[in-house]
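Novice: give the three-dimensional model of this entry:
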Amino acid sequence: MSENVQEIDAARFEEEVVNSPLPVVLDFYSTECPPCEALAPRFAAAADRYAGKVRFMKVMRQTNRELAVELGVMSSPTVLFLKAGVEAGQRVSGQIRPADLQAGVEALLR
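Specialist: Below is the predicted model of the structure:
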């Protein structure tokens, strides 16, 4: 995992996402999930590309179920694009194409 991707849990959501001075791309992933594994290197590459402009974080959905349900995340992977803890773009899930990930990040920067 890239040094520009931070793993968080529900206890750190407010501190790291809601109170973040930068927009956040948040990946809810699961273990033994082929689409999650396919997304991981693209997510890390995007984190490196947008370092200092957007924060990239990951949350394991199985161990943070309450947060996932609260945010309406029902499948893995699901990527949310947030500003000040509020969704600021269209979430993507399932087999996430690199173009969809990039479009979401670019929308955060407008």
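
Novice: what's the longest helix belonging to the chain in contact with?
Specialist: When the chain is parsed with DSSP state H, its longest helix is helix 34-49. With contact meaning C-beta atoms under 8 Å, 6 or more residues apart in numbering, helix 34-49 is reached by 1-2, 4-5, 25, 27, 29-30, 56, 58, 76-77, 79, 94-96, 98, 101-102, 105. All C-beta atoms are positioned from the backbone trio N, CA, C, and that covers glycine.

Novice: now the buried members of the residues you listed.
Specialist: 4-5, 25, 27, 29-30, 56, 58, 76-77, 79, 96, 101, 105 (16 or more other C-beta atoms under 10 Å).

Novice: from those residues, which land in helices?
Specialist: Going by DSSP H, the helices hold L101, V105 from the buried ones among the contacts of helix 34-49.

Novice: using TSV, lay out the buried ones among the contacts of helix 34-49 together with distance to E37 and pLDDT.
Specialist: Listed next are the buried ones among the contacts of helix 34-49 as TSV, based on distance: C-beta to C-beta, whole Å; pLDDT from 0 to 100:
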residue	distance to E37	pLDDT
N4	19	98
V5	14	98
V25	18	98
D27	12	98
Y29	9	98
S30	10	97
F56	17	98
K58	12	98
S76	10	97
P77	9	98
V79	14	98
I96	12	98
L101	15	98
V105	20	98
